[in-house]
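[1] sequence? don't have it. structure:
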Ligand code: TEU
Ligand code: CA
């Protein structure tokens with residue numbers, strides 16, 4: 001395998017709106033990001049992925065871009081962005097932008113012109129189709145609920161939107177549109193961004209006939225996912241994209257890909273794949289409900305472990321996955337993957353350890369490093385997220401009470417990850433001097449950066465040690481390129497694996513159970529402990545006892 005500059009890096013996702021506000025308007029900004037670069041450097045971060053900072057009406061928090069060449073005024077100016085690039089560079093850090101090119105905002109100039117003239121030049125930048133007998137062209141349900149077709153007022157035309165109606169889908173069969181996208185991507189690369197996180201990219205290939213499917217819900221609609229699944233040929237579009245842009249710059253690309261078709265792994269993230277890497281969503285996908293959040297099930301430990309082990313084994317011959325426990329679309333990993341009894345510092349450190357030391361590129365999401373948790377909201381009005389509001393509605397329609405529907409949002413809402421970063425124990429968690437745009441989690445008095453910086457046993461201090469170990473001269477090779485082998489799979493609550501390189505073997509042993517567990521080795525082992533989230537380690541010649549929520553990382557000599 002050819003070594004690439006990003007293989008041994010650690011990445012961190014910033015959700016700028018909720019990261020740090022420097023001018024008191026309640027909204028995080030680029031100056032805020034700049035002021036925290038040293039904090040991130042200290043933590044051990046190399047690559048920073050910024051969720052969208054482009055000009056946008058923020059119907060979907062910036063994932064609806066109205067001008068790809070402008071920075072949203074709420075975040076600052078292009079000058080601030082250039083400063084950020086320069087300051088990152090000084091610290092040997094890389095900035096990765098979010099690339100949202102499956103769709104744009106309905107306020108984008110292209111779409112505004114298209115609305116005027118659906119049959120004109122810009123109409124073909126999108127998907128305009130005539131309705132059928134007074135109905136939309138097909139029965140697709142958008143990802144955010146409701147029809148994926150929106151009627152153009154005063155005409156027979158509808159346009160396609162896989163997400164919100166304010167996010168019209170771009171027509172990737174139009175070469176002129178593509179050239180405009182490619183030019184824009186290259187413009188950012190020329191500026192010095194190191195690469196992109198690529199949004200919702202699996203959706204770009206459509207079936208131009210837009211056939212209807214059997215309805216899968218009481219609304220008579222069918223998930224638009226069915227159409228995506230039914231078409232071939234996304235790979236050609238992705239290859240063309242890569243050749244015309246990323247490849248020329250050795251850019252780092254991490255794709256958001258759900259439900260890729262079987263056997264496509266190598267085409268996506270192999271040595272000459274479309275992308276550098278893509279997120280492993282296998283564990284997170286376990287929480288998908290059949291009809292929505294309201295019928296999603298809590299994740300069982302065994303399924304969680306199986307999912308990750310499966311991805312690890314499948315990908316290690318091929319390339320690198322990007323490993324996460326949370327992002328801006330997910331509830332907090334602590335709430336999702338840890339049982340009640342493990343939702344404490346030890347459990348949080350354990351979860352971080354097993355994720356960060358997997359084979360692949362670790363991505364931390366802001367606040368993960370201090371163990372931020374889901375935020376209880378008192379009513380649906382306290383939520384901002386468009387998808388949460390959609391899911392709440394679906395839950396009520398399915399017969400849940402308001403209280404039950406709110407509980408569903410507490411467990412699943414994307415806003416759980418979007419509440420402001422908790423910097424201190426003073427007002428608004430030190431995020432802003434103004435009124436925060438989204439509620440601050442009331443637990444900020446006990447969970448915040450400032451307190452954890454002072455405490456050498458804190459989650460934050462532990463994450464620093466964990467990342468330092470992963471990147472240390474001695475172990476970087478084994479943690480980056482070492483093979484992955486599951487261990488103790490027959491033990492119910494144990495998450496254990498081995499990383500192996502030519503000259504080293506490191507084992508990671510974690511007890512997700514509520515009782516202590518004894519792990520017997522087949523032969524005598526001579527272990528040097530590299531990391532332990534608890535004070536003591538109970539090791540004998542051929543066995544090791546793990547307390548509940550204990551994780552031990554050790555080298556086998
Ligand atoms: O997400 C795509 C995606 O598939 C998810 O939105 C998923 O359907 C949703 O989170 C379920 O709640 C990307 C972005 O990460 C997300 O924030 C955007 O809303 C979406 O694309 C549209 O751009
Ligand atoms: Ca601000």
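    Received it, and whenever you're ready, just let me know what you need. Here the structure is a predicted model, which means the values were calculated and not measured. Ligands and ions are numbered 1, 2, ... in the order given.
[2] make it CA atoms for all contacts and neighbour counts henceforth
    Fine.
[3] Around ligand 2, pick out the residues from the stretch 101-250 of the chain.
    Within the stretch 101-250 of the chain, no position is near ligand 2 by CA under 5 Å from the ion.
[4] dump the residue contacts of the closest residue to ligand 1 within the stretch 101-250 of the chain.
    Here the stretch 101-250 of the chain gets closest to ligand 1 at one residue, residue 200, 4.6 Å apart by CA to the nearest ligand atom. Residue 200 makes contacts with 100, 102, 255-257, as judged by CA atoms under 8 Å, 6 or more residues apart in numbering.
[5] go on, residue 25?
    Counting by CA under 8 Å, 6+ apart, residue 25 has contacts 432-436.
[6] 10 Å instead, please
    74, 432-437 (CA atoms under 10 Å, 6 or more residues apart in numbering).
[7] Going through those, which ones are buried?
    Among the contacts of residue 25, those buried by neighbour count (16 or more other CA atoms under 10 Å) are 74, 432, 434, 436-437.
[8] what sits against the closest residue to residue 477 other than its chain neighbours?
    Leaving aside its sequence neighbours, residue 477 sits nearest to residue 501 (CA to CA, 6 or more residues apart in numbering; 7.2 Å). Residue 501 makes contact with 475, 477-484, according to CA under 10 Å, 6+ apart.
[9] So which of the residues you listed would count as near ligand 1 as well?
    When contact is defined as CA under 6 Å from any ligand atom, the contacts of residue 501 do not meet ligand 1 at all.
[10] Looking at the residues you listed, which are in strands?
    Here DSSP state E is the test, and the contacts of residue 501 give 483-484 as lying in strands.
[11] got JSON lines for the contacts of residue 501, with distance to ligand 2 too?
    Below are these laid out as JSON lines (distance: CA to the ion, whole Å):
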{"residue": "475", "distance to ligand 2": "40"}
{"residue": "477", "distance to ligand 2": "41"}
{"residue": "478", "distance to ligand 2": "42"}
{"residue": "479", "distance to ligand 2": "38"}
{"residue": "480", "distance to ligand 2": "37"}
{"residue": "481", "distance to ligand 2": "41"}
{"residue": "482", "distance to ligand 2": "43"}
{"residue": "483", "distance to ligand 2": "44"}
{"residue": "484", "distance to ligand 2": "43"}
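[12] So which of the contacts of residue 501 is surrounded by the most neighbours?
    Neighbour counts for the contacts of residue 501 peak at residue 479, which has 27 neighbours (criterion: other CA atoms under 10 Å).
[13] Pull the contacting residues for it.
    Per CA under 10 Å, 6+ apart, neighbours of residue 479: 8, 356-360, 469-472, 498-501, 504-506.
[14] Can you say which of those residues are buried?
    Among these, the ones that count as buried by 16+ other CA under 10 Å are 8, 356-360, 469-471, 498-501, 504-506.
[15] ok, the residues you listed vs residue 421, which is closest?
    Using CA to CA, residue 356 comes nearest to residue 421 of these, at 20.9 Å.
[16] picking that back up, out of the contacts of residue 25, which two sit at the greatest distance?
    Maximum pairwise distance in those, criterion CA to CA, is 15.6 Å, between 74 and 433.
[17] now the end-to-end length of stretch 123-139.
    Across its full length, stretch 123-139 reaches 22 Å between end residues, using CA to CA, to the nearest Å.
[18] How about it, which residues are buried there?
    Here stretch 123-139 shows 123-131, 136-139 as buried, counting by 16+ other CA under 10 Å.
[19] Quick check, the residue in the stretch 1-150 of the chain closest to ligand 1?
    For the stretch 1-150 of the chain, CA to the nearest ligand atom, closest residue to ligand 1: residue 63, 4.5 Å.
[20] for that residue, what are its contacts?
    When contacts are counted by CA under 10 Å, 6+ apart, residue 63 touches 51-57, 98-101, 103-105, 163, 167, 199.
[21] With residue 148 instead?
    By CA under 10 Å, 6+ apart, the residues touching residue 148 are 136-142, 158-165, 168-169, 221-224.
[22] Pick out whichever of the buried residues of stretch 123-139 sits closest to residue 244.
    Closest approach between these and residue 244, by CA to CA: residue 125, at 18.9 Å.
[23] Please name the nearest non-neighbouring residue to the closest one.
    Per CA to CA, 6+ apart, closest to residue 125 is residue 171, 5.1 Å.
[24] surely that neighbour meets residue 207?
    No: using CA atoms under 10 Å, residue 171 makes no contact with residue 207, being 11.1 Å away.
[25] Of all residues in the stretch 401-550 of the chain, which one is closest to ligand 1?
    Nearest residue of the stretch 401-550 of the chain to ligand 1, counting by CA to the nearest ligand atom: residue 414, 6.6 Å away.
[26] follow-up on the earlier one: distance of the residue of the stretch 101-250 of the chain closest to ligand 1 from residue 101?
    Here the criterion is CA to CA. By it, residue 200 lies 8 Å from residue 101.
[27] Kindly report the same for residue 483.
    From residue 483 to residue 101 the distance is 35 Å (CA to CA).
[28] try residue 305
    For residue 305 relative to residue 101 (CA to CA), the value is 33 Å.
[29] These two: which is more packed in?
    A count of neighbours by other CA under 10 Å puts residue 101 above the other of residue 305 and residue 101, at 23 against 17.
[30] Using the three-state scheme, assign the more buried one.
    At residue 101 the chain is in coil, as set by DSSP: H, G, I helix; E, B strand; the rest coil.
[31] Test my guess that it contacts residue 196.
    No: applying CA under 10 Å, one finds residue 101 not in contact with residue 196, separated by 11.3 Å.
[32] any residues in contact with both of the two?
    Here residue 101 and residue 196 have residue 185 as joint contacts, going by CA under 10 Å, 6+ apart.
[33] Ligand 1 contacts on the stretch 301-450 of the chain?
    Counting by CA under 6 Å from any ligand atom, the stretch 301-450 of the chain sits next to ligand 1 at 329, 387.
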